Each structure stands twice: as structure tokens, then as C-alpha cells.
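K.L.:
build me a model:
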Amino acid sequence: MELKNVRVKKRFLTCRTCETEFFGYSEASGEDADKLFECDDCGAIFSLARGQSVDDHIKGIYCPDCDAPLEESLVEKTSAGICPMCEDRDYYGTGEAEETELETYRL
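P.N.:
Numbers count the residues shown, from 1 in each chain. Below you'll find the model as predicted:
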């Protein structure tokens with residue numbers, strides 16, 4: 001699986017559990033923006049071009065970070081992020097979102 005930089009919106013997040021601040025990402029706007037997915041087991045971020053079926057790209061494929069089968073662990077996300085301290089996914093956004101490039105695993 002190759003790594004690819006995709007255009008996303010980056011936003012400062014705060015974990016509701018431990019109050020740690022970290023960055024989270026959401027899909028950039030526009031027809032050429034990629035869809036984002038996250039491994040539910042480890043939080044690795046994946047991308048796929050709009051208009052493609054995710055099912056065609058994940059059969060028999062495992063997460064390169066944690067070896068979980070993507071058919072069972074991949075979740076489409078409009079926003080992705082996991083607290084680096086407590087690994088919770090309960091957070092709230094603070095500040096303005098800015099467009100940036102994010103390295104993702106390309107499906």
C-alpha cells in the first residue's frame with residue numbers, strides 16, 4: 001500500500017477525557033477532494049478518490065500499522081483524530097480549520 005499526500009483541513013482538537021490538545025483532520029471541500037477513512041483499531045488514516053468504491057479496495061487487505069483486516073476495521077470519517085495520550089476518540093474542535101497536506105495510506 002502506497003503513501004499519498006492528500007489535501008485536508010487540519011484543526012486543533014481537545015480530548016474530552018484528558019484535555020490533551022492535538023491535531024485532527026477532516027475532508028477538504030471540492031469535487032477533487034479525497035474521502036478519508038480511519039482504522040478503528042489503531043487510528044491510521046486512509047484516503048480514496050471520490051467516486052471509487054471502498055469495497056473494491058479493501059478485500060483481503062490488512063492495515064499496515066496494526067495488521068487488522070480493513071474489511072472489519074475501516075470506517076469512513078468526515079473527521080479523523082485520536083488522542084495521542086489516552087487514545088480516546090471523544091474530542092471537540094477549537095480554532096479555525098486550515099487546509100494542509102496529510103500523508104495517508106492510499107486505498
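K.L.:
the nearest residue to residue 83 once chain neighbours are set aside and residue 8, how far apart?
P.N.:
Spatial nearest neighbour of residue 83, chain neighbours left out: residue 15 (4.0 Å); criterion: CB to CB, 6 or more residues apart in numbering. C-beta coordinates here come from the backbone N, C-alpha and C atoms, glycine included. Note on residue 15: its distance to residue 8, by CB to CB, to the nearest Å, is 20 Å.
K.L.:
so for these two, which sits in the more crowded spot?
P.N.:
Taking neighbours as other CB atoms under 10 Å, residue 15 and residue 8 compare with residue 8 leading, 25 against 21.
K.L.:
okay, the more buried one: pLDDT?
P.N.:
We have a pLDDT of 91 for residue 8.
K.L.:
got the contact list for it?
P.N.:
Contact analysis of residue 8 by CB atoms under 8 Å, 6 or more residues apart in numbering lists 25-28, 36, 99-102.
K.L.:
now the buried members of those residues.
P.N.:
Neighbour-count burial (16 or more other CB atoms under 10 Å) is assigned, among these, to 25-28, 36, 102.
K.L.:
can you put the residues you listed in JSON lines and add distance to residue 74?
P.N.:
Putting the buried ones among the contacts of residue 8 into JSON lines (distance: CB to CB, whole Å) gives the following:
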{"residue": "25", "distance to residue 74": "16"}
{"residue": "26", "distance to residue 74": "17"}
{"residue": "27", "distance to residue 74": "15"}
{"residue": "28", "distance to residue 74": "20"}
{"residue": "36", "distance to residue 74": "11"}
{"residue": "102", "distance to residue 74": "17"}
